[in-house]
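Asker: Sequence first, predicted coordinates after that:
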Amino acid sequence: MSWSQLWGQEQTLEAFKRGISERNLAHGIFLWGAEGTGKSLAGSLLAAHWLCQSPTQDGACGSCYGCQLRLHENHPDYTTIDLEEGARTIGIEAARQVGKVLSLAPNITERRVIVFPHAGSLTVEAANSLLKSIEEPPEGTLFILEARTEEELLPTIRSRCQSWRIQGLGEAQTARWLEENKNVPSDQTALYARLSSGSIGVALKLMENEGTSHRDGVLNWLRDLPRWNGVQLLQAAAALDKEKKEKELHPIICQVEEGFSIFRDLLIYQETQDPNQLINKDRAQEIIKLHQFWHGDILVEGWNLLERAQFALKRNGNPRLWTEWLWIHFSQKLDKLK
């Protein structure tokens, strides 16, 4: 539970430490950054330090009663308020839940933490109801709000928080981290660093969910989609749905994520004609071949379709239905361009 776990975020760490030591940390901390950059880890380390009974300069001690409760995810003074299963927003009930938590005294020490991992999903009504709680909470209360972009959180909430951006490390640093901490061979670290755009969290997800095999799947359906009829589209969606076993993420979710890197490469190649500018350099010949068909307006349309599918899937949309939706819409766009 050491601060050093937040690799490459020295400025944020110094701000945390200074705020804690000088006792001027705001009641609300807003952490924002792209997926996989470490904002959840930053929030977790800050919460651990806040609730630790014997904190050190390096972070939470990891051995006190409070730290042990946190490690086992049953600390009574640590509250997470997140999206309900299948929900797209966090409504007014969240504010009521916060009110109930704040009405009771903390259990272990005089401190407590309330975390919103998807604060950007708060409705206007819920956010407005939280304003006073964040601005003037009971002594010892710390709110941690997380979002992908600064704009996701309403300005009225942002103005009551200290805000820090958690940035990606870049490809070189990500590759070095993977090699030093995960014992990944150097030829693979470079690939995962490129595919993740320099995000450790995304790189780890790609490794855990067989990122390169899903990339193969995307390349295959981009090759085959122009030839499929309606029946073949539905059969392919059903086959992909059957691949879901015990893995953490559904195959279509992984393939949509991979689709962005392929479409990015197709767009870059369209503008530069330079294979060295591609993220997927090891598959450059396949991408160049795909570009013979996937170019112009269909790339922009394809990117927009992927964004809609990604938005729905991250909010627990049905993977099978969204696979069918995505491919049918791709097919319709392709037909118009033929």
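Answerer: Perfect, thanks for sending it. The structure displayed is predicted, hence computed values, not measured ones.
Asker: Please make it C-alpha for all contacts and neighbour counts, starting now.
Answerer: Fine.
Asker: Phi and psi next, for residue 165.
Answerer: Backbone dihedrals for residue 165, given as degrees, to the nearest 10, come out at phi -90, psi 130.
Asker: give the contact list for it.
Answerer: 31-33 (C-alpha atoms under 8 Å, 6 or more residues apart in numbering).
Asker: Kindly report the same for residue 26.
Answerer: 142, 161-162.
Asker: Please apply the same query to residue 143.
Answerer: Applying C-alpha under 8 Å, 6+ apart, the residues contacting residue 143 are 27-29, 113-116, 134.
Asker: hmm, 7 Å instead?
Answerer: 27-29, 113-115, 134 (C-alpha atoms under 7 Å, 6 or more residues apart in numbering).
Asker: can you pull the buried residues of the helix or strand where it lies?
Answerer: In the assignment (DSSP states H and E), residue 143 maps to strand 141-147. Of all the residues in strand 141-147, those buried under the rule 16 or more other C-alpha atoms under 10 Å are 141-147.
Asker: Need those residues in CSV (columns: distance to residue 187 and pLDDT).
Answerer: Shown next, in CSV, are the buried residues of strand 141-147 (distance: C-alpha to C-alpha, whole Å; pLDDT from 0 to 100):
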residue, distance to residue 187, pLDDT
141, 46, 94
142, 43, 95
143, 41, 96
144, 38, 95
145, 37, 95
146, 33, 94
147, 33, 91
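Asker: sorry, back to before: just the contacts of residue 143 now: which is nearest residue 220?
Answerer: Proximity of the contacts of residue 143 to residue 220 was ranked by C-alpha to C-alpha; the top entry is residue 115 with 40.8 Å.
Asker: tell me the secondary structure for residue 94?
Answerer: Each residue gets one of three states, and residue 94 gets helix by DSSP: H, G, I helix; E, B strand; the rest coil.
Asker: Sorry, slip of the keys, the one I care about is residue 221.
Answerer: Applying three-state DSSP: residue 221 is helix.
Asker: Tell me, how many residues neighbour it?
Answerer: 16 (other C-alpha atoms under 10 Å).
Asker: ok, now residue 41?
Answerer: Per other C-alpha under 10 Å, the neighbour tally for residue 41 reads 16.
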